[in-house]
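Undergrad: Using only what follows, build the 3D model:
(2 chains)
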Amino acid sequence: MIEHSPMDEEMLLMREKLEKLRIQNSQLLFFGDFCSTLLSETNIEKISLRVMEQMHRLVGGNIGFVRKEASADQYASYILEKGEIRKHILKRSELGSKCFFIYCKKIYVGNEKNPFIAVPIKYEGENLGVVMLENLDEDSFRAVNIKHLELIALPIGVAVKNCLLLQQSILEKHIIADQHQKIQEDLRFAQKIQSYLMPRGFRKYGDYMIYGDHKQARYLGGDFYDTFQIDQQRVVFYIADVSGHGVAASLLTVFLKQAVRGIVQSFPETYKLKPSAILEKLQIRFRDLQMDETVYIGTLVGILDFKRHLITLANAGHNVEPVYLDPNNQQVITYELKGPPINNWEIDHSLLSYEETAISLEKEEQLILLTDGAIEMDGSGSAHKNIEDTDFIKRILEIKPQQEWKKEFQAKIHSLFEGLDKTHMEDDIALLAIKREV
Amino acid sequence: MMIETCIKEHIKVVKVSGEVNFENYREFGDGLLRSIEGSHNILLDLGGLSYLNSMGLSCIVKAYAYVKKDRRDLRLCELQEHIKKLFTITKLDKMIALYEKQEDAFASYKK
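TA: Prediction:
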């Protein structure tokens, strides 16, 4: 029998302590390594794999892992058997008995007949999943192993939660992007419809030519115009700018088109129809809508009598004056016409009346109606802002009133519009031009 | 576009300068509504305003309606000629009092 000296015994104790410390140290290192690998990973599939491999390394047996997916009511179910991993996406109702263990509060250990360990994966009380360890030997149920499983379940919970949040935010980003795209498509379609509601190009009425054109901004806007013949010798035309922009403003342009045509059609004695009368009736119809006071329509309405060569104009707060052009003499005249916009302001009703101006055009002379987008498009800055000083009018004035006028005029307007970058264009531009040809 | 406020002779003077256009009319509208909060009558000094579009105009109408509902008063002064034209074209000058100079507006409150 070997006798140990007290010195040897102390050495033995020291060695045991050292061995214990070494084990603890290696466990700590392992735990630190596991945590840092897990928490730096953003791929939930890799995390799930790592979790199962780690659990298998610790206690052996077959490993199952069920966890929540980022989408509602979806669970990912993994099974690690004989070194192979299979994954299924299940609904909660398809989880069967595993569902119970997802929601258990702490580690659940089965009985001798059914030996298993269920390790719930949680984050701040929220149950995210469960790792099921089955086909285990007795050694697996040692208290130290259970403690170990309990310990690593905590960082697993954090890592899984991080990944789910990341996936959810990506999912939401996709949903928002899809919705944004759908809204953009809808708005583009609405812009198209609005565009169809404005007659584009030339229309001939007796000795007169009326040209309408517009350039829409990147937003759905409130600029609008329309022309229509009411009898054998008269044409109603108007240009309008609804305050604001977007769907509300564009819907009001539809209201405007319907209302003006309705007013004209239902006017009791058409031969007495005057622009001021149209505006007064439009005012009444608009007030029936009971809109907010910030919503109003500035519109300039005119009637062209192409047999009597007379244009009568009335203005309801349209902020761009009508421009008379005489290209032969390079003469530009603007008309200051007063009148309140079509509005729902608390205003003395005596103010809701409209003055009229009569204009006669001689051969080659033109009357141009524009919206304020034409002023804002002027690159020279918006400080002075007189319509007659804008590039738009200057460039129109350059066109010689010859036989090719029609072609040149349209080409000039198109080039002016094409020169504008739609993506940076903030406001619409609408144009109505009336030219006496003979 | 800039909005400055000060209280002078019990009247809140709201000074607007720069341009109100499509890009900043919302900012102008919000700023204006914030500036007219309180119990004072409002004098909107537009002397430094070089451009006002239709949406900017509607912001002023909204501010006017807001002040009116509060049984207060909003007057305008120092408008540049082309801005004044906007108010006359729309007949808003018949609804909102316009004054050439700030002192004229102050004098009108004393009457």
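Undergrad: Settle this for me: residue A:68 is touching residue A:128, isn't it.
TA: Yes - counting by CB atoms under 8 Å, residue A:68 touches residue A:128, with 5.3 Å between them. Where you see a C-beta, it was placed from the backbone N, CA and C, and this is true even at glycine.
Undergrad: what sits in contact with each of the two?
TA: The contact sets of residue A:68 and residue A:128 overlap at A:160, A:164 (CB atoms under 8 Å, 6 or more residues apart in numbering or on different chains).
Undergrad: What's the end-to-end length of stretch A:109-129?
TA: Stretch A:109-129 has an end-to-end distance of 16 Å (criterion: CA to CA, to the nearest Å).
Undergrad: how close does the residue nearest the centre of chain B sit to residue B:4?
TA: Using CA atoms, centre = their mean, the residue of chain B that lies closest to the mean C-alpha position is residue B:44, 3.3 Å off. Look at residue B:44 and residue B:4: by CB to CB, to the nearest Å, they are 12 Å apart.
Undergrad: For the residue nearest to the centre of chain B, give the beta-bridge partners.
TA: Assessed by DSSP bridges, residue B:44 has beta-bridge partners residue B:14, residue B:76.
Undergrad: Contact residues of chain B facing chain A?
TA: Residues of chain B lying close to chain A by CB under 8 Å from any CB of the partner chain are B:19, B:21-23, B:29, B:50-51, B:53-55, B:57-59, B:61-62, B:65, B:68, B:82, B:85-86, B:88-92, B:94-95.
Undergrad: mind checking pLDDT for the residue nearest to the centre of chain B?
TA: pLDDT, residue B:44: 97.
Undergrad: Please name the residues that touch it.
TA: B:14, B:16, B:60, B:63, B:74-77.
Undergrad: any chance you could map the helices in chain A?
TA: For chain A, applying DSSP state H gives helices covering A:6-39, A:44-59, A:98-102, A:143-196, A:247-265, A:275-289, A:373-376, A:391-397, A:405-418.
Undergrad: looking at these, which is closest to residue A:114?
TA: helix A:98-102 (12.5 Å; CB to CB).
Undergrad: From residue A:151, how far out is the nearest residue to residue A:311 once chain neighbours are set aside?
TA: Distance criterion CB to CB, 6 or more residues apart in numbering or on different chains; nearest residue to residue A:311, sequence neighbours excluded, is residue A:359 at 4.5 Å. From residue A:359 across to residue A:151, the span is 91 Å (CB to CB).
Undergrad: Give the residue from the two that has the larger number of neighbours.
TA: Counted by other CB atoms under 10 Å in any protein chain shown, residue A:359 and residue A:151 do not tie: residue A:359 has more neighbours, with 18 against 13.
Undergrad: doesn't residue B:17 make contact with residue B:52?
TA: No - using CB under 8 Å, residue B:52 is not in contact with residue B:17; the gap is 11.6 Å.
Undergrad: So which of these two has more stuff around it?
TA: Neighbour totals were compared for residue B:52 and residue B:17, and residue B:52 leads with 27 against 14 (other CB under 10 Å).
Undergrad: Could I get the phi/psi values of the more buried one?
TA: Main-chain torsions, residue B:52, degrees, to the nearest 10: phi -140, psi 120.
Undergrad: so how many other residues sit close to the nearest residue to it once chain neighbours are set aside?
TA: In this structure, residue B:52 finds its nearest non-sequential neighbour in residue B:20, 4.9 Å apart by CB to CB, 6+ apart. For residue B:20, the count of nearby residues is 26 (other CB under 10 Å).
Undergrad: Point out the residues in chain A that sit beside chain B.
TA: By CB under 8 Å from any CB, the part of chain A that sits against chain B consists of A:241, A:243-245, A:292-296, A:298, A:315, A:317-319, A:321, A:336-341, A:343, A:345-348, A:351, A:372, A:376, A:382-386, A:426-427.
Undergrad: Just the buried ones from these?
TA: A:241, A:243-245, A:293-296, A:298, A:315, A:317-319, A:321, A:337-341, A:343, A:345, A:347, A:372, A:376, A:382, A:385, A:426-427 (16 or more other CB atoms under 10 Å in any protein chain shown).
Undergrad: What's the separation between the closest residue to residue A:263 other than its chain neighbours and residue A:194?
TA: Distances taken as CB to CB, 6+ apart place residue A:281 nearest to residue A:263, at 4.6 Å, with adjacent residues excluded. Noted for residue A:281: a distance of 23 Å to residue A:194, by CB to CB.
Undergrad: which of the two has more neighbours?
TA: residue A:194 (23 against 17).
Undergrad: check contacts around the more buried one.
TA: A:216, A:220-221, A:224, A:250, A:253-254 are the contacts of residue A:194 under CB under 8 Å, 6+ apart.
Undergrad: For the residue nearest to residue B:52, give me the pLDDT.
TA: The model reports residue B:20 with a pLDDT of 91.
Undergrad: Residue A:215 pairs with what?
TA: In this entry, residue A:215 is beta-bridged to residue A:429, by DSSP bridges.
Undergrad: Report how many residues lie close to it.
TA: Neighbours of residue A:215 under the rule other CB under 10 Å: 24.
Undergrad: Let me know the pLDDT of it.
TA: On the pLDDT scale, residue A:215 is placed at 90.
Undergrad: Of the contacts of residue A:194, select the buried ones using a PyMOL command.
TA: Filtering the contacts of residue A:194 down to the buried ones (16+ other CB under 10 Å) takes a single PyMOL command:
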select buried, chain A and resi 216+220+221+224+250+253
